[in-house]
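Participant: let me see the structure of the following:
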Amino acid sequence: MRRLYLLENEEQHAQAIVSPIGGQVISFVKDGKEVIYFQRIIGTKRRGGIPICFPFFGPPKPRFAGEHQHGWLRDQELDLYREITPPIQVIFKGVREKMGADLVKRERYYPWSLEYWVATDLISRSSLGLTLRVRRMEDQIEEDAPINPAFHPYFSNLGRRAVKIGGKETENFSKDAKIVPLNGQKELLIDLGQKVNMTLKGDFGNKSCVTLWSDSDEYFCVEPSLTHPDDFDTTKGEYLKQGETLTLGCILSVLP
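Facilitator: Next comes the predicted model:
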């Protein structure tokens with residue numbers, strides 16, 4: 001049985017459960033309220049928690065048809081890299097090695113070599129911190145590696161389902177995902193009946209977007225991605241050269 005990691009900040013009455021599978025948060029509870037919907041299997045789908053979509057967000061492009069929706073990280077068992085005690089931070093590390101040319105061509109996989117670190121912490125006041133750091137390794141592939149990672153938090157419905165972006169509030173959450181360009185905006189206000197600030201850090205920038213989606217009245221998703229999902233593996237997308245590093249951060253701060 002895989003170990004789950006319990007992070008606790010007793011002074012702030014906050015707890016988070018983190019899994020080595022994708023380094024994803026399973027639960028985040030503040031003042032006894034389930035801010036992040038506890039991850040579980042509903043029907044045949046895994047719902048809840050905060051999966052990390054990597055190296056792309058959404059369905060794979062045809063030339064990567066061998067990969068799963070949202071990439072492989074959320075299903076990969078990672079190695080423990082560091083745990084800070086008392087248990088307020090845990091960091092996992094994983095590697096995706098370059099695949100053989102025959103396998104890539106036959107099954108249409110993402111061929112580049114990447115290593116990545118996923119960190120979760122309860123260090124900041126009333127906040128859950130998430131960080132993804134990615135480095136492209138020396139894989140001897142001339143083509144730059146397309147990349148569009150995203151965080152995929154499932155917020156509990158504690159009475160509302162709304163998000164305010166740049167002064168405009170929307171309650172439009174449905175199976176028909178709505179993609180909203182952030183235009184450089186890095187502060188979002190999420191209202192689930194308890195207000196939560198989402199602060200984006202690192203390489204989130206002018207191309208970044210959030211996707212608004214839900215298939216249940218019990219939860220809703222506000223999913224920040226590096227670029228628009230449609231821009232992945234296009235001239236509008238982002239790429240990593242050999243040796244380059246990318247860092248994305250997302251801080252969820254529960255307001256009083």
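Participant: tell me which element the closest residue to F151 other than its chain neighbours falls in.
Facilitator: Excluding its sequence neighbours, the residue lying closest to F151 (CB to CB, 6 or more residues apart in numbering) is C250, at 4.8 Å. Using the backbone N, CA and C atoms, a C-beta is placed for each residue, glycine as well. If you go by DSSP states H and E, C250 is part of strand 245-254.
Participant: which positions in that strand come out as buried?
Facilitator: Residues L246, L248, G249, C250, I251, L252, S253, V254 are the ones in strand 245-254 that count as buried (16 or more other CB atoms under 10 Å).
Participant: and that strand, average pLDDT?
Facilitator: Strand 245-254 comes out with an average pLDDT of 98.
Participant: can you give the strand pairings for that strand, parallel or anti for each?
Facilitator: Next to strand 245-254 in the sheet, as set by DSSP bridges, lie strand 127-136 (antiparallel), strand 195-202 (antiparallel).
Participant: could you dump those to JSON lines with distance to G100, mean neighbour count and mean pLDDT?
Facilitator: Converted to JSON lines, the strands paired with strand 245-254 look like this (distance: least, CB to CB, whole Å; neighbours: other CB atoms under 10 Å; pLDDT from 0 to 100):
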{"stretch": "strand 127-136", "distance to G100": "18", "mean neighbour count": "21", "mean pLDDT": "98"}
{"stretch": "strand 195-202", "distance to G100": "33", "mean neighbour count": "18", "mean pLDDT": "98"}
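Participant: re earlier: and which of the buried residues of strand 245-254 is nearest R136?
Facilitator: Set against R136, the nearest of the buried residues of strand 245-254 by CB to CB is L246 (8.5 Å).
Participant: okay, and the beta partners of that closest one?
Facilitator: V134.
Participant: sec struct for the residue of the chain most remote from its centre, please.
Facilitator: Most distant from the centre of the chain: D102, at 30.8 Å, with distances by CA atoms, centre = their mean. Under DSSP: H, G, I helix; E, B strand; the rest coil, D102 falls in the helix class.
Participant: hang on, the earlier thing: reformat the strands paired with strand 245-254 as TSV; add distance to N183.
Facilitator: Shown next, in TSV, are the strands paired with strand 245-254 (distance: least, CB to CB, whole Å):
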stretch	distance to N183
strand 127-136	22
strand 195-202	12
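Participant: mind listing what D233 touches?
Facilitator: F56, K61, R63, F64, P146 (CB atoms under 8 Å, 6 or more residues apart in numbering).
Participant: who wins on neighbours among those?
Facilitator: Within these, most neighbours by other CB atoms under 10 Å means F56, with 27 neighbours.
Participant: quick one: that residue is in a strand?
Facilitator: No: counting by three-state DSSP, one finds F56 to be coil, located in no strand.
Participant: could you check how far it is from L4?
Facilitator: The spacing between F56 and L4, counted by CB to CB, to the nearest Å, is 27 Å.
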